[in-house]
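K.L.:
Provided below are the primary sequence and the corresponding predicted coordinates.
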Amino acid sequence: MAVSAAAHRIGAGALDEIRRRFALSEDELAGLFGVSRPAITKWRQRGVPVGRAADVDRVRELAEYFGRRFIAARIPQIVRTPGKGLAGKTVLAVVAEAGGVDRVYAYLERLFSYTPS
């Protein structure tokens, strides 16, 4: 039982980290995971469901990556600005899609690469 409670606390902390780093409203956070705002409230109260914990952790890891690579105050604008390398979509829109986190990492790798492609 303690392991389950610890996993739930980690999930709720990840939600808070994502929301803070990307400056998201609760509605935007819900949209990022394709769920309703009441579902996010339940995740906070009961913990992130096991089937969604990996998704939340991957987005949290991406949020931490942004925190290491960009000035914190600029991150919200960066994730909301459409990118040419993302087919004109924002980072947040791509993350919300299946496989989106990996596409964002690939996009960022291209941006930070100093060799021509």
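P.N.:
It's in. Because the structure is a prediction, the values reported are computed rather than measured.
K.L.:
What's the separation between the residue nearest to the spatial centre of the chain and Lys84?
P.N.:
Central residue of the chain (CA atoms, centre = their mean): Val59, 3.2 Å from the mean position. Val59 sits 23 Å away from Lys84, taking CB to CB, to the nearest Å as the criterion. From N, CA and C alone the C-beta is placed, and that goes for glycine too.
K.L.:
One more: Glu97?
P.N.:
17 Å.
K.L.:
Looking at those two, which is more packed in?
P.N.:
Neighbour tally, Glu97 and Lys84, criterion other CB atoms under 10 Å: the higher count belongs to Glu97, 12 against 7.
K.L.:
mind listing what that one touches?
P.N.:
Contact analysis of Glu97 by CB atoms under 8 Å, 6 or more residues apart in numbering lists Arg103.
K.L.:
Check for me that it belongs to a helix.
P.N.:
No - counting by DSSP: H, G, I helix; E, B strand; the rest coil, Glu97 is not part of a helix but coil.
K.L.:
neighbours around Ala63, how many?
P.N.:
Ala63, neighbours per other CB under 10 Å, totals 20.
K.L.:
Nothing else from me, thank you.
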